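Colleague: Here is the input, now give the coordinates:
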Amino acid sequence: MAAQMTSTDRSSVATYPKINLSRLAFGSCHSRGAVNKRLSTARSDNSGLVTNSTIWDVITATVEPQTFLWTGDAIYPPMKIKGDTPIHVMQDEYEQMMTNDTLGYAKFIRGEHLIGGVHGVWDDHDYGGNDRGRELTQKEKRRDQYLDFVGVSRSDLSRRQRRGLYSSVEFGSNAESNHSTNNAQNHGQHNNKVKVIFLDTRWHREKHCIPSAGSNPHIPFGAIVACITRWLTAGLNLPSYLSSSICSSRKSNAVLGEEQWIWLERELKGSSASVHIIVTSIQVLTTNPVVESWGHFPAEREKLLKLLNTVSGVIILSGDVHHAEILTTSKHLVTRRRIHPNEGAILEVTSSGLTHSCDGPKIYGPLCQPILNLFPSHRFERGNVKNVTLPSYYTGINFGSIDFDWRSRSFEVKVHDELGDVLLSTGSLGMDSVAGLTIKELEGIAKCIDGHFLTIVKRMKFPFGVVLILICSYFLKPLSSRLKGKKCHSKKD
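Modeller: Residues are numbered from 1 along each chain as shown. All right, here's what the predicted structure looks like:
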């Protein structure tokens, strides 16, 4: 049962002042359909009994977390649903998570160890539409469903009336952790506070430069088509050649929206926490253009990294991509001497998914690792626990955890496989460490949109140009129709 939570007027921060965090768990991408499929094909163990333990049993047994953080996609609609998910279908999936014992989650959240409760933010599937952003309908009803799911009181009007699921939660207090005088202005260096900030990357987010086909029920394999168009956008550096009226990802505040940016800056500026956990459903640091990420909104990404550059004890957590990975801003600065990996660098740990992974599907599963290997420039080195010479990613079912050591003022982020074994680790991160990158170093961070196809275009000008025009005209046609429609309405007005 969760410990008593208090709520303050300051941005409605949920606080657990009596909980001194020593361990938490996090994860994303949980599909009831995937669980049922695995159970139906489960093989007997050596004793002849069918093994029905779930990922939640493993998390409890190996981590016994005091709190759990959802980093997106807590539910998925049934496969038969095409396009956006109806409200009643979403409600049924949430109820299944909370009541269906075969999934394991209902038992997990009743665990006595979970004194800090469950907190989280959505990604696209529990938002209601694959790759969807601000254009999705019935957002208020979807928000309230999610808040019910994570146990936010219906009387909490600050959350219930907010345009989005962005929020923060604090564990611990300003009491001295090392019996020395605490100075709240000294970035919380002598307290035991952990602040978790959840960013909503869906409610306010503009469309991609080439609008995603992922939620279009009339396009076969829309999710794969969306991956290709994102890759084309990055490889051809389209945002550099298109105006913001055509390429929406160039607009200001294109991911978080203005009000959420103001809130985020205030949350960080006024924080005295020793550890700052930034939860964003989509990846921030990846250079892989196939997936949705902050990298497809380069101005927003740059703004976020500049903001986090001066925050002590910061770590980014993400989900979405159906693999686990450790990422860094500063692979190009590996020669810099530092005690902790987060000195002179911002780190990100991705854990996805809890029930399924990118190498599972028969059609595109075999492409998962080759694509990851194509884009290594963001990847943290020596994070693979089994073999430090191997890349710091894992393509099987996984979950994440964080251990806090208040004596040494350090913390470690880990990724576990479905048996609970640790596969990836950041190593010891300093609570008092700051990235502190220079302007030049910030500009040198590896980018997602980098124009890596342009060399090929120069060599194959005509045939490549024809293919590109056909693709772009097909996907930009709905956008031009909308723009014409707006002009017509304005004339009528």
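Colleague: Now do stretch 71-81: everything it contacts.
Modeller: For stretch 71-81, contacts defined as CB atoms under 8 Å, 6 or more residues apart in numbering pick out 26-34, 85, 89-90, 93-94, 96-97, 120-126, 146, 149, 279-282, 317-320, 351-353. Using the backbone N, CA and C atoms, a C-beta is placed for each residue, glycine as well.
Colleague: Okay, now the unreliable bits of this protein?
Modeller: For the chain, residues meeting the criterion pLDDT under 70 lie at 1-12, 42-52, 175-190, 332-337, 460-493.
Colleague: Okay, helices next: where are they in it?
Modeller: For the chain, the helices defined by DSSP state H cover 32-40, 55-62, 87-99, 105-109, 124-127, 139-149, 157-160, 222-235, 258-269, 298-308, 368-374, 439-443, 454-459, 461-492.
Colleague: Figure out which of the ones you listed is closest to Leu21.
Modeller: The closest of the helices of the chain to Leu21 is helix 55-62. By CB to CB, the value is 15.9 Å.
Colleague: now what about the closest one, what contacts it?
Modeller: 25, 27, 30, 65, 68, 103-105, 107-108, 111, 113, 354-355, 397, 399, 401, 416, 418-420.
Colleague: Alpha carbons of stretch 209-218, in CSV - could you do that?
Modeller: Extracted in CSV, the C-alpha atoms of stretch 209-218 (Å, rounded to 0.1, in the frame of the first residue of the first chain):
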residue,chain,number,x,y,z
CYS,A,209,7.6,17.1,-41.3
ILE,A,210,6.0,14.4,-43.4
PRO,A,211,2.8,13.6,-41.5
SER,A,212,3.0,10.1,-40.1
ALA,A,213,0.9,7.3,-41.8
GLY,A,214,1.1,5.3,-38.6
SER,A,215,-2.5,6.1,-37.5
ASN,A,216,-4.0,6.0,-41.0
PRO,A,217,-6.3,2.9,-41.2
HIS,A,218,-6.3,3.1,-45.0
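Colleague: residues of that stretch that come out buried?
Modeller: Cys209, Ile210, Pro211, Ser212, Ala213, Gly214, Ser215, Asn216 (16 or more other CB atoms under 10 Å).
Colleague: Quick check: bridge partners of Asn384?
Modeller: Leu424 (DSSP bridges).
Colleague: thought it was touching Leu390?
Modeller: Yes. Contact criterion CB atoms under 8 Å: Asn384 and Leu390 qualify, at 4.4 Å.
Colleague: Looking at those two, which has the bigger crowd around it?
Modeller: Applying other CB atoms under 10 Å to Asn384 and Leu390 shows that Asn384 carries more neighbours, namely 19 against 12.
Colleague: got a list of what that one touches?
Modeller: Leu390, Pro391, Ser392, Leu423, Leu424.
Colleague: closest to Gly436 among those residues?
Modeller: Ser392 (22.8 Å).
Colleague: Can you tell me the closest non-neighbouring residue to that closest one?
Modeller: Gly383 (3.4 Å; CB to CB, 6 or more residues apart in numbering).
Colleague: For the one you found, give me phi and psi.
Modeller: Main-chain torsions, Gly383, degrees, to the nearest 10: phi -100, psi -10.
Colleague: For Val89, give its distance to Gly313.
Modeller: 40 Å (CB to CB, to the nearest Å).
Colleague: more crowded one of these two?
Modeller: Between Val89 and Gly313, counting by other CB under 10 Å, Gly313 is the more crowded of the two (26 against 16).
Colleague: need the contact list for the more buried one.
Modeller: So Gly313 contacts Ala273, Ser274, Val275, His276, Asn342, Phe411, Leu429, Gly430, Met431, Asp432, Ser433 (CB under 8 Å, 6+ apart).
Colleague: hmm, 7 Å instead?
Modeller: Gly313 makes contact with Ser274, Val275, His276, Gly430, Met431, Asp432, Ser433, according to CB atoms under 7 Å, 6 or more residues apart in numbering.
Colleague: Any idea how many residues pack against the last one?
Modeller: Right, the one you point to is Ser433. Around Ser433 there are 21 residues (other CB under 10 Å).
Colleague: From what I see, it and Ala345 are in contact.
Modeller: No. The criterion here is CB atoms under 7 Å, and Ser433 misses it with Ala345 at 9.0 Å.
Colleague: Nearest residue to Lys139 in space, please, no chain neighbours.
Modeller: Trp203 is the one closest to Lys139 (CB to CB, 6+ apart), at 6.1 Å.
Colleague: Tell me how far that neighbour lies from Phe26.
Modeller: Distance from Trp203 to Phe26, by CB to CB: 21 Å.
Colleague: Counting neighbours, go ahead and name the busier of these two.
Modeller: Between Trp203 and Phe26, counted using other CB under 10 Å, the more crowded position is Phe26 (28 against 23).
Colleague: What residues are bridge-paired with the more buried one?
Modeller: Leu69, Gly400.
Colleague: List the contacts of the residue nearest to Lys139.
Modeller: Contact analysis of Trp203 by CB under 7 Å, 6+ apart lists Arg134, Lys139, Arg163, Gly164.
Colleague: Could I have the ChimeraX command that selects the buried members from those residues?
Modeller: A single ChimeraX command selects the buried members of the contacts of Trp203 (16+ other CB under 10 Å):
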select :134,139,164
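Colleague: Reformat the contacts of Trp203 as a markdown table; add distance to Leu372.
Modeller: Shown next, in a markdown table, are these (distance: CB to CB, whole Å):
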| residue | distance to Leu372 |
| --- | --- |
| Arg134 | 30 |
| Lys139 | 33 |
| Arg163 | 35 |
| Gly164 | 30 |
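Colleague: Let me know the closest of the contacts of Trp203 to Cys227.
Modeller: Arg134 (21.2 Å).
Colleague: My guess is the closest one contacts Thr201. True?
Modeller: No. Applying CB under 7 Å, one finds Arg134 not in contact with Thr201, separated by 10.8 Å.
Colleague: Next one: Gly257 from Arg202, what distance?
Modeller: 10 Å.
Colleague: For those two, indicate the residue with more neighbours.
Modeller: Arg202 (27 against 20).
Colleague: The residue lying closest to that one once chain neighbours are set aside: how many residues sit nearby?
Modeller: Excluding the flanking residues, the one nearest Arg202 by CB to CB, 6+ apart is Tyr127, at 4.6 Å. Other residues within reach of Tyr127, judged by other CB under 10 Å, total 29.
Colleague: Now do the contacts for Tyr127.
Modeller: Taking CB under 7 Å, 6+ apart, one finds Leu136, Arg142, Arg202 in contact with Tyr127.
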